[in-house]
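K.L.:
Show me how the following folds:
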Amino acid sequence: MPHLILEYSANLDDVLDIQALVHTVHGAALETGVFPKGGCRTRASRREAYEIADGHADNGFVHLTARIGAGRPVEVRQEAGNAIFAALTAALEDVFAAHPIGISFEIVEINPDTSWKKNNLHEAVKARQEESAA
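P.N.:
All right, here's what the predicted structure looks like:
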């Protein structure tokens, strides 16, 4: 974990490089040192149906949700969240300066009793790191 999910209003398409934003957020999460590389997944969803504030067509939004495994102390979650949110808002600085936009971020802990997982990504990442070191 985490699963980082960026949602954004479709009216930002012309001013937002979503792939660059995905890359920035993903990197920021890994740089915290809190999350394992093999567990980090970042994706974006363009939202075409939305209404924001007074309903004006220029209003936009970017919302990031980090779904993480349960058990980390609140201080660790806050520190990681502060770093990720800082990277997100820095990446959106030009958009924020030129457009009415709401930027938000929430960390949600996943209940381990109702979460199932299967992956081999940790092993693949480790093998690539070992190959690079050789």
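K.L.:
quick one: contacts for residue 105?
P.N.:
63, 64, 65, 66, 81, 84, 85, 88 (CB atoms under 8 Å, 6 or more residues apart in numbering). Bear in mind the C-beta positions are built from the backbone N, C-alpha and C, glycine included.
K.L.:
Report all helices and strands that the helix or strand of the chain with the lowest mean pLDDT contacts.
P.N.:
Every helix and strand of the chain was ranked by mean pLDDT, DSSP states H and E. The lowest is helix 121-133, at a mean of 87. If contacts are counted by 3 or more CB pairs under 8 Å, 6 or more residues apart in numbering; DSSP states H and E, helix 121-133 sits against no helix or strand.
K.L.:
Can I get it in PDB, CA atoms only?
P.N.:
Extracted in PDB, the C-alpha atoms of helix 121-133 (Å, rounded to 0.1, in the frame of the first residue of the first chain):
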ATOM      1  CA  LEU A 121       5.300  -7.000  -7.200                       C
ATOM      2  CA  HIS A 122       7.600  -6.900  -4.200                       C
ATOM      3  CA  GLU A 123       9.600  -9.800  -5.500                       C
ATOM      4  CA  ALA A 124       9.800  -8.200  -9.000                       C
ATOM      5  CA  VAL A 125      11.000  -4.900  -7.600                       C
ATOM      6  CA  LYS A 126      13.600  -6.600  -5.500                       C
ATOM      7  CA  ALA A 127      14.900  -8.700  -8.400                       C
ATOM      8  CA  ARG A 128      15.200  -5.600 -10.600                       C
ATOM      9  CA  GLN A 129      17.100  -3.700  -7.900                       C
ATOM     10  CA  GLU A 130      19.500  -6.700  -7.500                       C
ATOM     11  CA  GLU A 131      20.000  -6.800 -11.300                       C
ATOM     12  CA  SER A 132      20.800  -3.100 -11.300                       C
ATOM     13  CA  ALA A 133      23.300  -3.400  -8.500                       C
END
